[in-house]
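S.K.: Quick one, structure for this:
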Amino acid sequence: MNTLLKVSLRQKAVFVPNTTHQTAPTELRETTSVLVANLAQLGYGVSEPLLKALNQATPTFQADLLEQFREVMNVKKNWTPLVKGWNVPTGESIVDHIMTFFANVFQAKGTRLQCGHIIPADTFPLERYNGCPFCGTPFETGEVEHYGQGSKLKILTLWTEQDTKAFFANLLKSKTALDATQMDSLKLLLAELPLPKADIAMKETLMAVIDTLVELGQAERAQALFSSPTDIMRYLWYKHTGFLQLVAPKTIAKRKTKNNTNLHVALDKSAEVNVETKKTLKLKYSRKQCLMVANWLNNLSLPVEKACEMMHPKRGMWVRFIRALRLAEYSKRSGFEYLHTLLDVFYNQRYEVWQAKVDHYRLASDAENTLGLLKQRPGLFARSLFANMLWFGKDKVVDAFTEVVDQVPARLVFTLNMYADNYFDKNVQRTVKPLGGVSKVVPPNKLLGLYKPKQIKAMQDSIQDLCLLAMKKRFAAIENKHKSIYIDPMLFKIPVSIGDRSESVQDLPSALMGTRFAVEGDTVRLFMQWGEGLPAQHLDMDLSCYVSYGNKADICSYSRLRTTGCKHSGDIRSIPEKVGTAEYIDINVPELQEAGAKYVTFTCNAYSNGAITPNLIVGWMDSKNPMKISAKTGVAYDPSCVQHQVRITSSVTKGLVFGVLDIAANEIVWLEMPFAGQVVQNMNENAVKGILAKLDAKLSVGNLLKVKAEAQGLTMVETAEADEAYTPEWAMDVAAVTQLLVD
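M.R.: Just a heads-up that it's a prediction; the model follows:
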């Protein structure tokens, strides 16, 4: 039950199984009233159907539900910062740190703390600290003291067993890649519920299903799910590294090596980590696993030459897998003739590579043959459409693409429509994220300089007109007997999930990357908690913010605890035993508005060697009501004020941008952008601007529904009493929204 409850909370709902129901009471029971009151303290209210269901549930179920809520809301974690009453400056300076350093070197007089450091008189005001101000080791812990300060209750709805099954099926059928939260929910549901009948649309989703079948000892059932050798390699690599995409070994090694590069040469462990990472990436399989994979490959129904062509882009990795899986040995067995032929053709390279022919004709400026080949693979044509338009000219390429646009997946059609403006703009630097890497800034295509503004505008318009026409044709082809449609205004602020693969999990009601949260009060409070369950050790995670003024920039971090409009709670560099620790930053919005700030970028990063520690929680709070800080411990966390939070799960992320405060719009944009480096200064401001431009260009759910309404002749009405009603609650199931991407 806890598993399904955890999944439902991410959808802003509560799963109440039918087995928990008692005889329906005539009035509200006392235990139900207490539960609702406790949920309100955590910032949540309940809908009427949910209230009725909870009132029929047993007291045991209600107690378990509240316990699960407290766990998800992180109430039991240690939220004690380094400084008590950290909103008031302690007056510490670099001089205090220098004096303390020499006092410890020469063992001068002063107060000796638990960590062994001596703090000289007239330096740090020790009564203000929960730990050592010199080394950042906390000594004290505290509980959350202030509850219910949030100015809005988030209303929870009822989730039934039928809702759970529908959500499960929608995840499997999702037409865009699942983000980390959705993938985690899918794995939880696969472990709890029987696999429903559904057409699996995405390769990443397929890997989770195959893994479940293999774990259940049903590897033969997985055979039908493999359509190419690449699918098999993807699964093997996922089991070995945890990556659902085929991230190259050198990319993983490079990122882990860079994560262990330190600003202090004596602490640099990059060389050792590089050697260790390469060892862990070596492949080793049991005889049982080798036979399983040999059977999968041998039973593929593809022509051998086609299969070898698919293997070619990852030829180096395939050579390693073939050796580790002893496939040459199994290919000599009776009944493995297909595998034998496959290896023979692959090793002797007796196959043609389609992409090589495309590149040959393209470099020869042979438009006819290049476009002829591209029309054979519409998806790849779509991905190279913009570049080919600049290379061969608009008319030839658009005419050729028009012939196959109906065969292109809808997610690619919408992507072309969304990003045409940015790609064909000479002044826009685009932000891209290479497979397994961090976000990078890409300059405009140099070929844009060959075209006049009028020609570039024609390219943009032709793409948008073609894509919108193609999608309208798809919607119009679907019979719809309804007459009216209601689209909630909030849906015009929610982007369609296309091309986003977040690496963090949202245990609270989840939001799509690009979602904008209105700032209700004058203060935005960032928080970060890490280290729960780990032994006491040096583990330095940093919470920072980067303030952009247009012509200058400012930071608030461990090295600058106070700056215009920002206050930091103090730099913690070691964690206490098992309970973890926390840092905060208060951002004063009116003060930054007065100072002329444009944006505030929220970041966290690992100052210690390695990546951000797993299960680190980061997010922000906001409320119309003033948010208090404990005078006794400095704890400033109140679950009812949490607007958004994420849990880090990636094993290679060194630094992460997790939000941007738009001062003029008074909104916070939720985004995820990994970056490399120990400190906030390593973040590329242009990359953040690029990803914001990319998110702004995204099609909203509301606009997608508007296209549907126009194509199917539906009348838009302003009330939910319509034949088709689309509400924010409906949009919570992101996988269900993707079903609008009609192929």
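S.K.: just the strands in the stretch 451-600 of the chain please.
M.R.: Applying DSSP state E, counting those that start in this stretch to the stretch 451-600 of the chain gives strands spanning 484-487, 504-505, 516-518, 523-532, 537-538, 541-548, 553-556, 562-563, 566-568, 574-575, 579-588, 599-606.
S.K.: Relative to the fourth one, what are the paired strands and their orientations?
M.R.: Note on strand 523-532: by DSSP bridges, its sheet partners are strand 579-588 (antiparallel), strand 617-622 (antiparallel).
S.K.: what does the second one give?
M.R.: In the sheet, strand 504-505 lines up against strand 642-648 (antiparallel) (DSSP bridges).
S.K.: The strand it pairs with - what's its average pLDDT?
M.R.: The pLDDT scores in strand 642-648 average 93.
S.K.: Show me how far it is from its chain's centre.
M.R.: What separates the centre of strand 642-648 from the centre of its chain is 11 Å, taken as Cα atoms, centre = their mean, to the nearest Å.
S.K.: What is the neighbour count of residue 27?
M.R.: 7 (other Cβ atoms under 10 Å). Every C-beta, even on glycine, is put in place using the N, C-alpha and C of the backbone.
S.K.: now residue 139
M.R.: Per other Cβ under 10 Å, the neighbour tally for residue 139 reads 14.
S.K.: State the pLDDT value of it.
M.R.: We note a pLDDT of 92 for residue 139 in this prediction.
S.K.: so it makes contact with residue 131?
M.R.: Yes: in this structure residue 139 lies within contact range of residue 131 using Cβ atoms under 8 Å: 4.8 Å.
S.K.: residues shared between the contacts of those two?
M.R.: With contacts defined as Cβ atoms under 8 Å, 6 or more residues apart in numbering, the residues shared by residue 139 and residue 131 are residue 115.
S.K.: and the residue nearest to residue 505 when sequence neighbours are not counted, what does it touch?
M.R.: In this structure, residue 505 finds its nearest non-sequential neighbour in residue 647, 4.6 Å apart by Cβ to Cβ, 6 or more residues apart in numbering. When contacts are counted by Cβ under 8 Å, 6+ apart, residue 647 touches 504-507, 615-617.
S.K.: again, only this time at 7 Å
M.R.: Taking Cβ atoms under 7 Å, 6 or more residues apart in numbering, we find residue 647 in contact with 504-505, 507, 615, 617.
S.K.: closest to residue 605 among those residues?
M.R.: residue 504 (13.8 Å; Cβ to Cβ).
S.K.: What separation do you get for that closest one and residue 400?
M.R.: Distance of residue 504 to residue 400, given as Cβ to Cβ, to the nearest Å: 40 Å.
S.K.: And for residue 589?
M.R.: To residue 400, residue 589 is 51 Å away according to Cβ to Cβ.
S.K.: Test my guess that residue 396 contacts residue 367.
M.R.: Yes: in this structure residue 396 lies within contact range of residue 367 using Cβ atoms under 7 Å: 5.3 Å.
S.K.: Name the residues of stretch 81-98 that come out as buried.
M.R.: With burial defined by 16 or more other Cβ atoms under 10 Å, the residues of stretch 81-98 counted as buried are 81-86, 90, 92, 96.
S.K.: Many thanks, I have nothing further to ask.
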